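A.B. asks: Here is my input; please provide its structure:
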Amino acid sequence: MAISRDSITGLLLAGGRGMRMGGADKGLQKLHGEPLALHVLRRLAPQAGPMLISANRHADLYSALGAPFRATVVADTLPDFPGPLAGLLAGLRAARTPFVLSAPCDTPGLPDDLAARLAAALDAQHADIATVTTTDAQGNTSIHPVFALLRTSLADDLEGFLQAGERKVRTWYARHRAVEVAFADERTFYNINSLQELADLERR
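C.D. replies: Numbering: from 1, shown residues only. You can find the predicted model right below:
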């Protein structure tokens, strides 16, 4: 049976420390006068039913950004910013749907068929996780693991993984039935890691 939009909770990952931006809250940095997180929310929300924002700082600001999308802000349940898996765990715990679709807050070009293509692959292969790969002009393949569609039922396993001190996204994925979906345009997954990259994108 096909996975419907209403069975997917969208999860914007905005809980990082922004170390490569000097500790700035990445999702709140402006692109064309609007926060990066808002650009991503506009693309992610039409692909999901309920919406969540994983944020560990400025919850009030993220709540305001998420209000037009009826998004709820959730924080890590683990201390010391243990990485994107902690944000995923918070989303999996808060979701009331069978699936969660995650995307980071610094990718304003998020494709509008992300959910549909990941859902089709996950359903066809009876997988637990579907994530993204792209190939550049030189033939180099990149994996984009935080763009993912996951079964909410994975929450307990993920919590145990994190409590054991593990942090690597791909290591956790390898414990489950994971499928990779190839997207042709790598630019749609371009993520902004520094204020210089943000300024460069603004100029383009």
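A.B. asks: tell me which element P145 falls in.
C.D. replies: Using DSSP states H and E, P145 sits within strand 141-151.
A.B. asks: What of D156?
C.D. replies: Using DSSP H and E, D156 falls in helix 155-163.
A.B. asks: Spatially central residue in this structure, please.
C.D. replies: The centroid of the chain falls nearest to A103 when counting by CA atoms, centre = their mean (2.0 Å).
A.B. asks: And that residue, which helix or strand is it part of?
C.D. replies: A103 belongs to strand 99-104, assigned by DSSP H and E.
A.B. asks: same for that strand, what does it pack against?
C.D. replies: strand 8-13, helix 36-44, helix 84-94, helix 114-124, strand 141-151 (3 or more CB pairs under 8 Å, 6 or more residues apart in numbering; DSSP states H and E). Heads up, the C-betas are built off the backbone N, CA and C, glycines and all.
A.B. asks: Tell me which of these is the most buried.
C.D. replies: Counting by mean count of other CB atoms under 10 Å, strand 8-13 has the highest mean neighbour count of those, with a mean of 28.
A.B. asks: now that one: mean pLDDT?
C.D. replies: The pLDDT scores in strand 8-13 average 97.
A.B. asks: So for stretch 179-189, first residue to last residue, what's the gap.
C.D. replies: Counting by CA to CA, to the nearest Å, you get 18 Å between the two ends of stretch 179-189.
A.B. asks: going forward, begin numbering at 38 instead of 1
C.D. replies: From this message on, residue numbering opens at 38, which makes the last subject stretch 216-226.
A.B. asks: Give me the buried positions along it.
C.D. replies: V216, E217, V218, F220, E223, T225, F226 (16 or more other CB atoms under 10 Å).
A.B. asks: next one: stretch 105-119
C.D. replies: For stretch 105-119, a neighbour-count test (16+ other CB under 10 Å) marks F106, A108, V110, V111, A112, D113, P119 as buried.
A.B. asks: measure the nearest residue to S139 once chain neighbours are set aside to R133 for me?
C.D. replies: Closest residue to S139 apart from its sequence neighbours, by CB to CB, 6 or more residues apart in numbering: L48 at 4.4 Å. L48 sits 13 Å away from R133, going by CB to CB, to the nearest Å.
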